[in-house]
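>>> generate coordinates for the sequence data below:
(2 chains)
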Amino acid sequence: MKKPEESATTGADLLVKALIDEDVEVVFGYPGGAVLPIYDSLFKQNKLRHILVRHEQAAVHAAEGYARSTGKVGVVLVTSGPGATNAVTGLTDALMDSIPLVCLTGQVPTHMIGNDAFQEADTTGITRPCTKHNYLVKDVAVLPRTVHEAFYVARSGRPGPVVIDLPKDVLMNKHAYAAPKMPVQHKSYRPQTTPDQKQLEQAFEMIAKAKKPIFYTGGGVINSGPKASKLLTQLVHMTGYPITNTLMGLGSFPASDKQFLGMLGMHGTYEANLAMYNCDVMINIGARFDDRITGKIAEFSPNSKKIHIDIDRSSLNKSVRVDLPIVGDAGEALEGLIKLWKAKQPKVDQKALKAWWAEIDTWRGRDCLAYTQGKEIIKPQYALERLYHHIKNRDHYITTEVGQHQMWAAQFLKFEQPNRWMTSGGLGTMGYGLPAALGVQIAHPEALVIDVAGEASIMMNIQELSTAAQYRLPVKIFILNNQYMGMVRQWQELLHGGRYSESYSEALPDFVKLADAFGATGLRCHEPSKLDDVIKEMIAIKGPVIVDVAVDKAENCFPMIPSGAAHNDMLLGPEDRAARQVSEEGMVLV
Amino acid sequence: MSPIETVSSHTIAVLVDNEPGILARVVGLFSGRGYNIESLTVAQTDVKENLSRITIVTTGTPMVVEQIKAQLDRLVPVHKVHDLTMEGPHIERELALVKVKGTGEKRAEALRLADIFRAKVIDTKTDSFVFEVTGTSDKVQTFVELMSSLGLVDVGRTGTVAMTRGGAAF
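Numbering: from 1, shown residues only, chains lettered A, B, ... in the order given. Below you'll find the predicted structure:
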């Protein structure tokens, strides 16, 4: 072995240098035995800020919130064994939602690997299916290069989480640091981002000739960067066609625009889902025909020609067969389509388009999100409408937990810009919203960051209030408290004969006192008439706030496409439900 | 059944970085997504570039096979994915070691059949043979079945390796 050179430093120092070279500013983490050398290196520098969370799952969600609101790679640092296993839910969440993360995990020294050592877990084995890629670094000499490669992999192509497992001896061994030539690339991994020009021309022809077109766009547009959202808006305006967004795509097209039909899918709007069902040309950009979107595959948009643009080839023809699959980055594809549109100045069939819009307007006329707000009990939809009214002119970011409140937030809050909406879409992770909000607030200290929560979900990572207190992060937790795991209760009502098995939120804490105990402010609201004042007060308070809004316990989230049903078979409200029976085939779906 | 639902067998060759865990990645992909592996063969094939070639025989509908290839292709250490079944004529071979125990007429018959199959005797005792047989999986299978009534005691098979015909490189 070569003797360490004069300039040699420990693996932990090399790691920190490599992170700084990647322009990392913040690391979300939790210390432990195996990563003590890294924490020592962090202590000795002041370029990297470390945010101490209270649970490793929260570290990953916080990094996700940071990544999604900035477009940068989020960084996580956890110890071996339980530190790594606690991070698994967050990693899976990031994989499902294509969020770029680098997660550094401690590991027992190389000579002890496989010996069932204290706090040992087979981290690369456990995280292999829940990461885009992972590494076990066995030699300090390759540590910096591995870090840079991990960042490249995390942010390239379809983004995702990358784990680097770091044995303690590797962190303590010495080696010289040579700043690599940036950007470091992987030797073979080169995801295709530029779409095929011939295919784009075909897509252009199909789009230009459509009579009943619809744009159906998703998180791929947001992941491509803010420019892609601008291009999308431009193209949609040029064509005059309607557009709907997936849950992940909200904000990529301004929600207040008259061409926007709202979100589609299981709890999407009537007009969006019927437009999907009845269209003749579907233009999917950066969405993946998720089962929450398609409903019954056999009856999904039966008469349309489908164009699908996705950066991940494995998303094409996975669940829905399309007529024109195009591999490429959403932004590059949009740019190409706009160029073609400008160059060729196509004559769109305006008469057909007008008739199509008239049809859509009749569906819009159903006013599918309507609800009746009485004087006594706050409807959750009303609470969110009032919330939006008070925040819309402020610089704001929204995160959510998972359940009814999440769907209502998607329906009733309007997203005008990308990177403002952080929600766990693919994995559906309860407990996501609060730590994600912390990550967003770290990235945007002056902004108003609100976690729209349910009283059940918030309990899953409630310990993070302590993190909020420590760093004085003024996040607002807006709980729609219906004393039930609302979505579970809704399904039990619709599918399981109203047997509310274990879905009642028994023994809830007093959220006002709880806030107080964590050094935050607690507010409570029972009456519709006081809601505005409470929201104003929440916004005015400088520190973290929990608002416990008592909402209607029986309210269900509509519209709803029951599982196993098609887009044209929606339940629009409580009166719809009695007439229908969910098929047995549908019952087995989730 | 329409062609869309027809299940067929495909031989897929995958060129990968020869690094720890790569086989687990590939196999985990198949088990995690519910795909079939009929046979799997792995060895380093390029020492200089440190690459391994994995040959997988799998079955599925055209849509599933397309998915399998796309999923394999997006694994970071995967360099190339080739569906030999789709890409024109190719040859497939498998090697088996077959141990047969017996004396008298059965032993003589085993030797005669081995000759017909061009199997080599690579170990012998007065009451046993180990044959080495190569060929397509079907041929190997037939040989093994014939030996089962002649004192077959043990079989080891490599699984299929495959290559395109002609001069074009992988």
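
>>> quick one: average pLDDT of the longest strand along chain B?
Once chain B is assigned using DSSP state E, the strand that runs over the most residues is strand B:90-101. Across strand B:90-101, pLDDT averages out at 97.

>>> which residues touch stretch A:347-362?
A:208-213, A:239-242, A:261, A:271, A:274-275, A:278 (Cβ atoms under 8 Å, 6 or more residues apart in numbering or on different chains). Heads up, the C-betas are built off the backbone N, CA and C, glycines and all.

>>> please apply the same query to stretch A:164-171.
A:10-12, A:15, A:33-38, A:80, A:84, A:102-111, A:113, A:123-124, A:134-140, A:143, A:146-147, A:150.

>>> among these, which are within reach of chain B?
Contacts with chain B within the contacts of stretch A:164-171, counted by Cβ under 8 Å from any Cβ of the partner chain: A:124, A:134, A:136.

>>> which of the residues you listed are buried? Put it as a ChimeraX command.
With 16 or more other Cβ atoms under 10 Å in any protein chain shown as the criterion, this ChimeraX line picks the buried residues out of these:
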select /A:124,134,136
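
>>> adding secondary structure and pLDDT, write the ones next to chain B among the contacts of stretch A:164-171 out as JSON lines.
What follows is these, written out as JSON lines (DSSP: H, G, I helix; E, B strand; the rest coil; pLDDT from 0 to 100):
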{"residue": "A:124", "secondary structure": "helix", "pLDDT": "98"}
{"residue": "A:134", "secondary structure": "strand", "pLDDT": "98"}
{"residue": "A:136", "secondary structure": "strand", "pLDDT": "98"}
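
>>> keeping just the C-alphas, turn whatever helix or strand comes next after the longest strand of chain B into CSV.
Using DSSP states H and E, the helix or strand that follows strand B:90-101 in sequence is helix B:105-116. Extracted in CSV, the C-alpha atoms of helix B:105-116 (Å, rounded to 0.1, in the frame of the first residue of the first chain):
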residue,chain,number,x,y,z
GLU,B,105,-26.6,-53.8,-20.3
LYS,B,106,-27.8,-50.5,-18.8
ARG,B,107,-24.2,-49.2,-18.7
ALA,B,108,-23.6,-50.3,-22.3
GLU,B,109,-26.8,-48.6,-23.4
ALA,B,110,-25.9,-45.4,-21.6
LEU,B,111,-22.6,-45.3,-23.5
ARG,B,112,-24.3,-46.0,-26.8
LEU,B,113,-26.8,-43.2,-26.3
ALA,B,114,-23.9,-40.9,-25.2
ASP,B,115,-22.2,-41.6,-28.5
ILE,B,116,-25.4,-40.7,-30.5
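
>>> run the chain-centre distance for helix B:105-116.
Distance of helix B:105-116 from the chain centroid (Cα atoms, centre = their mean, to the nearest Å) equals 25 Å.

>>> what angle separates it from strand B:90-101?
Angle, helix B:105-116 to strand B:90-101, by axes from the mean of the first three to the mean of the last three Cα atoms, to 10 degrees: 160 degrees.

>>> quick check: residue B:12 is in a helix.
No. Counting by DSSP: H, G, I helix; E, B strand; the rest coil, residue B:12 is not part of a helix but strand.

>>> for residue A:466, which three-state class applies?
Going by three-state DSSP: residue A:466 is helix.

>>> in contact with it, which residues?
By Cβ under 8 Å, 6+ apart, the neighbours of residue A:466 are A:54, A:518.

>>> of the ones next to chain B among the contacts of stretch A:164-171, closest to residue A:235?
Nearest to residue A:235, judged by Cβ to Cβ, of those is residue A:134 at 37.4 Å.

>>> which residues sit against stretch B:101-108?
B:100, B:110, B:126-129, B:150-151, B:153.

>>> in TSV: the residues you listed, plus neighbour count and secondary structure.
Shown next, in TSV, are these (neighbours: other Cβ atoms under 10 Å in any protein chain shown; DSSP: H, G, I helix; E, B strand; the rest coil):
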residue	neighbour count	secondary structure
B:100	26	strand
B:110	25	helix
B:126	6	coil
B:127	12	coil
B:128	17	strand
B:129	22	strand
B:150	20	coil
B:151	18	coil
B:153	12	strand
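
>>> which pair of the residues you listed spans the longest distance?
The widest separation within the contacts of stretch B:101-108 (Cβ to Cβ) is 15.9 Å, between B:126 and B:150.

>>> picking that back up, can I get the ones next to chain B among the contacts of stretch A:164-171 in JSON lines with distance to residue A:48?
As requested, these are exported to JSON lines (distance: Cβ to Cβ, whole Å):
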{"residue": "A:124", "distance to residue A:48": "24"}
{"residue": "A:134", "distance to residue A:48": "22"}
{"residue": "A:136", "distance to residue A:48": "23"}
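
>>> on that earlier part again, let's see if you can find the most crowded of the contacts of stretch A:347-362.
residue A:275 (30 neighbours; other Cβ atoms under 10 Å in any protein chain shown).

>>> now that residue: which helix or strand?
Using DSSP H and E, residue A:275 falls in helix A:270-278.

>>> again with residue B:24
Using DSSP H and E, the element containing residue B:24 is helix B:22-32.
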